[in-house]
Every structure is written in structure tokens, then in C-alpha cells.
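K.L.:
I need the structure of the sequence given here:
(2 chains)
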Amino acid sequence: ILNVEQSPQSLHVQEGDSTNFTCSFPSSNFYALHWYRWETAKSPEALFVMTLNGDEKKKGRISATLNTKEGYSYLYIKGSQPEDSATYLCAFLSSNTGKLIFGQGTTLQVKP
Amino acid sequence: EPEVTQTPSHQVTQMGQEVILRCVPISNHLYFYWYRQILGQKVEFLVSFYNNEISEKSEIFDDQFSVERPDGSNFTLKIRSTKLEDSAMYFCASGKSTAMNTEAFFGQGTRLTVV
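P.N.:
Numbers count the residues shown, from 1 in each chain, chains lettered A, B, ... in the order given. Below is the predicted model:
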């Protein structure tokens, strides 16, 4: 059974704090790792699609790293803002299937 | 900006009734998916659809479930005889190519409540 775990489950930070959270996934049959940002009452929105070991991607204040050999990805948010409050989902794609296996998400709350 | 749209946003149905959840994927996308999230649990894959046929389905997607692309724009999920445990948020997604290469674009979801 393919299992994707995210930690922590929830996080409360102050505006301006930098934060990071983890996605753990199977290290075998890796093909891609997706990160999505999901705000309440909206649709999950893709942040990154990562495919290469050692990959680092950045979008504004959000960045992500990937280690496929040990099976983890970190998502970093620099200088958190209230509008960053959302659930961040990672999803693993194995090399022999087209379906995304999601983690349970990390819910971030940024207090002004 | 193109987006995936789902209707209705909330559907309440009696146990045993049939429901059809509708999705309009982004127009030039070729791959279509249904996912669901039971309250408090992970988002789960149900089915993927390409070239007018199912390409993959999960063990959740049993004989009670079916998908269709009746007119080249809509993509529907039908549950023939709903059970209480089918209550969940159902998300439709579409992609230009397989999820191996590009991100999936999700709709806002349909909240299905079976009573």
C-alpha cells in the first residue's frame, strides 16, 4: 500500500514567521511529487510538480525541495502572510500508475 | 483563466437514490479524474479517464460508480445507489497530459450528503 504522510497536521504561526513542513513518500518507483495549495471553499491549486532528485522549485515566497532517495519533500514559506493560510497537500505519483496518492495535508494558519 | 467547474456545489440525497455529479473540465485537456475526500480523511483517487475510456480506477470505484463524457465537454460521475458512506466532497480534475508531466487542475468540489 502506497502511503504518503505529511507533518505537522496543523501549524499556527505569526505573520512574518518563516515555516516549513514535510511530505514523506515511498522512495521506490518514484515518478513525481506534486504540491497543492487548498484554500477553504476553493479548489486545490497546483504549486509545484517535482520530478528530479535534488530539485528545488520556487514561486514567490514559497519554495520546495525534493529528496527521492530518502522519500521526502519540504515546503518552505518565507515571511508568512495571512493570505498563506490554507491546507497544503502533497501527492505522490509512482512510475507505474497515473493516479496521485495524497497526503492528509498540513493546515497552516497565519495570524496577523 | 480557464477553470474546472463542478455542479452542484452541494447535493443532498436519500440513501439508495442515484446521483450524478457534473464537471466541465478545461477545454483543451485530455485527462480527467475524480477524487473524493471524506470529512477528516485524505483525498482519495477514484478514477482516471482518457480517450473516452477508464484508464485506471481504485478499489473504491465499484459497480455502483460509473463515469461518462456524454457530449465532449461534460464529465460526469454517477453513483447508482448511494450509501451513507458515500458522503464526501467529490473533486473533478483535468490535465493536459498525464499527472506524470503536469499538474492536475481541480474543480471546487461537490459536497455530497447521503441521508
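
K.L.:
going forward, measure contacts between C-alpha atoms and count neighbours the same way
P.N.:
OK.

K.L.:
if I look at residue B:21, how far off is residue B:95?
P.N.:
19 Å (C-alpha to C-alpha, to the nearest Å).

K.L.:
neighbours around the closest residue to residue B:85 other than its chain neighbours, how many?
P.N.:
Nearest residue to residue B:85, sequence neighbours excluded (C-alpha to C-alpha, 6 or more residues apart in numbering or on different chains): residue B:114, at 7.7 Å. Residue B:114 has 19 neighbouring residues, counting by other C-alpha atoms under 10 Å in any protein chain shown.

K.L.:
wait, residue B:114 touches residue B:86, no?
P.N.:
Yes: if you go by C-alpha atoms under 8 Å, residue B:114 and residue B:86 touch, sitting 6.8 Å apart.

K.L.:
let me see the ranges of the strands in chain B.
P.N.:
B:5-7, B:10-13, B:19-24, B:31-37, B:43-50, B:53-57, B:65-68, B:75-79, B:88-95, B:105-106, B:110-114 (DSSP state E).

K.L.:
contacts for the shortest one, please.
P.N.:
Contact with strand B:105-106 is made by A:43, A:44, A:45, A:46, B:3, B:4, B:91, B:92, B:93, B:94, B:95, as judged by C-alpha atoms under 8 Å, 6 or more residues apart in numbering or on different chains.

K.L.:
partners of it in the sheet?
P.N.:
Its sheet considered, strand B:105-106 pairs with strand B:88-95 (antiparallel) by DSSP bridges.

K.L.:
restricting to C-alpha, output stretch B:53-67 in CSV.
P.N.:
Taking C-alpha atoms only, stretch B:53-67 is exported to CSV below (Å, rounded to 0.1, in the frame of the first residue of the first chain):
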residue,chain,number,x,y,z
GLU,B,53,-12.5,5.2,-21.5
ILE,B,54,-11.4,4.5,-17.9
SER,B,55,-7.6,4.2,-17.7
GLU,B,56,-7.4,3.4,-14.0
LYS,B,57,-9.8,3.0,-11.1
SER,B,58,-9.4,2.4,-7.4
GLU,B,59,-11.0,-0.3,-5.3
ILE,B,60,-13.5,2.4,-4.1
PHE,B,61,-14.8,2.7,-7.7
ASP,B,62,-17.0,-0.4,-7.6
ASP,B,63,-20.0,-1.3,-9.7
GLN,B,64,-22.1,1.4,-8.1
PHE,B,65,-19.9,4.1,-9.8
SER,B,66,-19.7,5.0,-13.4
VAL,B,67,-18.2,7.9,-15.4
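
K.L.:
thought residue A:111 was touching residue A:15, still the case?
P.N.:
Yes: under the criterion of C-alpha under 8 Å, residue A:15 makes contact with residue A:111 at 5.6 Å.

K.L.:
residues shared between the contacts of those two?
P.N.:
A:81, A:82.

K.L.:
ok, the closest residue to chain B within chain A to residue B:60 distance?
P.N.:
Chain B sits closest to residue A:43 of chain A, with a gap of 4.1 Å, by C-alpha to the nearest C-alpha. Distance, residue A:43 to residue B:60, using C-alpha to C-alpha: 22 Å.
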